[in-house]
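S.K.: only geometry, no sequence info:
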């Protein structure tokens, strides 16, 4: 009972952190806050609330306190930008393959699918709920005037939002922290945290990502 209560308390505290520090931040010309704002051309009218609900469903899917924090770089244009869940696309929320469900927030004729999200969950699904995924920059970085373009977060953007990542680490107190990609590693190094590192699964990194994760969870974390 005590373990269950601790899990509920920690996940609720994380949710309050998101409400205070993430959901309230206004979008800029190059960073879109998918939890607060709606782009009428591509989003449903209540898209932001849908994405917040999807994220809450993700947090509620944990049956125990996750001991691994997996840190990504930023929401992708066809993944978290519309799903609200890191490393996750709309189609995965809607097709029942994950241990949590959600709804489509885009105006697209069918739920968006993302290659990175597909690779990520193909590798990581057996290890849920031992890990929690988050991004060092929680908002979608895009080029000015091109809201669905793909852009790497800058080092300055990573520094600006590093306090949110640090607070998440303090609340979760994970045994292991995994950086997915160099931007994530920079974010954690900036905070004085030495992470385990794996290659980002995009741009030909799928095999290296899979091998890196398997080594970490099986050999280092002792999870089979």
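M.R.: Now that the structure is in, tell me what you want to look at. As the structure is a computational prediction, the values presented were derived from the model and not from experiment.
S.K.: separation between the residue most central in space within the chain and residue 117?
M.R.: Nearest to the geometric centre of the chain sits residue 86, at 2.2 Å (CA atoms, centre = their mean). Computed as CB to CB, to the nearest Å, the residue 86 to residue 117 distance reads 9 Å. The C-beta positions use only the backbone N, C-alpha and C, and glycine is treated the same way.
S.K.: output the longest helix belonging to this structure.
M.R.: Longest helix in the chain, counting residues (DSSP state H): helix 2-21.
S.K.: and for the helix or strand following it, what's in contact with it?
M.R.: Once the chain leaves helix 2-21, the next helix or strand it forms, by DSSP states H and E, is strand 31-32. Contact with strand 31-32 is made by 39, 81, 137, 139, 140, 141, 142, 147, 157, as judged by CB atoms under 8 Å, 6 or more residues apart in numbering.
S.K.: quick check: which element contains the first one?
M.R.: I take that to be residue 39. Residue 39 belongs to no helix or strand, assigned by DSSP H and E.
S.K.: all helices of the protein, in order?
M.R.: For the chain, the helices defined by DSSP H cover 2-21, 47-60, 80-83, 90-94, 115-124, 155-160, 162-172, 182-190, 206-214.
S.K.: residues in contact with the nearest residue to residue 120 once chain neighbours are set aside?
M.R.: In space, and not counting its chain neighbours, residue 120 is closest to residue 87: 4.1 Å by CB to CB, 6 or more residues apart in numbering. The contact partners of residue 87, by CB under 8 Å, 6+ apart, come to 70, 72, 79, 80, 116, 117, 120, 121, 124, 133.
S.K.: touching, the fifth one and residue 204? I think so.
M.R.: Okay, so that is residue 116. No: the criterion here is CB atoms under 8 Å, and residue 116 misses it with residue 204 at 11.6 Å.
S.K.: more neighbours: which of these two?
M.R.: Taking neighbours as other CB atoms under 10 Å, residue 116 and residue 204 compare with residue 116 leading, 23 against 9.
S.K.: can you tell me how far the more buried one sits from residue 127?
M.R.: Separation of residue 116 from residue 127 (CB to CB): 17 Å.
S.K.: same question for residue 77.
M.R.: To residue 127, residue 77 is 26 Å away according to CB to CB.
S.K.: and if you look at residue 17?
M.R.: Look at residue 17 and residue 127: by CB to CB, they are 24 Å apart.
S.K.: these two: who's more crowded?
M.R.: The neighbour count for residue 17 versus residue 127, taken as other CB under 10 Å, is higher for residue 127 (19 against 16).
S.K.: surely that one touches residue 216?
M.R.: No: assessed by CB under 8 Å, residue 127 is found out of contact with residue 216, at 9.7 Å.
S.K.: now the angle between helix 47-60 and the least confident helix or strand in the chain by mean pLDDT, please.
M.R.: Least confident helix or strand, the chain: helix 2-21 with a mean of 83, by mean pLDDT, DSSP states H and E. Orientation of helix 2-21 against helix 47-60 (axes from the mean of the first three to the mean of the last three CA atoms, to 10 degrees) gives an angle of 160 degrees.
S.K.: quick one: list the elements packing against helix 2-21.
M.R.: Applying 3 or more CB pairs under 8 Å, 6 or more residues apart in numbering; DSSP states H and E, we find helix 2-21 packed against helix 47-60, helix 162-172.
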